[in-house]
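Q: sequence and predicted structure, then a few things I'm wondering about:
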Amino acid sequence: MGGIALLPLANWASGNAAVAWLDSIPVKDVGEALFTIGLIAIFVEYINQANAET
């Protein structure tokens, strides 16, 4: 959930001069990494649950 929140924050910060300091932090990269890890975790949990039922 944190990754989904960071992606719009990074897009908003790139066009806003008030939070220009946020451009120095790789917010978009961190958001993409967290989102990807979340999707992989959901997939692994699904596979483990399917194996546990058999």
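A: Cool, the structure landed.

Q: switch to C-alpha atoms for all contacts and neighbour counts from now on
A: Will do.

Q: which of the residues in the helix or strand of the chain with the lowest mean pLDDT are buried?
A: When each helix and strand of the chain is scored by mean pLDDT, DSSP states H and E, helix 2-14 comes last, with a mean of 88. For helix 2-14, a neighbour-count test (16 or more other Cα atoms under 10 Å) marks 3, 6-7, 10, 13 as buried.

Q: got phi/psi on Glu32?
A: phi -60, psi -40 (degrees, to the nearest 10).

Q: ok, now which ones touch it?
A: Residues near Glu32 by Cα atoms under 8 Å, 6 or more residues apart in numbering: 3, 7.

Q: any idea how far the strand or helix carrying Val44 is from the chain center?
A: Following DSSP states H and E, one finds Val44 within helix 27-53. On the basis of Cα atoms, centre = their mean, to the nearest Å, helix 27-53 sits 11 Å off its chain's mean C-alpha point.

Q: measure how that helix sits relative to helix 2-14, angle-wise.
A: With axes from the mean of the first three to the mean of the last three Cα atoms, to 10 degrees defining the directions, helix 27-53 sits at 160 degrees from helix 2-14.

Q: now helix 27-53: mean pLDDT?
A: Helix 27-53 carries an average pLDDT of 91.

Q: may I see the buried residues of that helix?
A: Across helix 27-53, burial judged by 16+ other Cα under 10 Å covers 27-28, 30-32, 34-35, 38.

Q: and of the buried residues of helix 2-14, the nearest to Trp21?
A: Among the buried residues of helix 2-14, Ala13 lies closest to Trp21 (Cα to Cα), at 8.8 Å.
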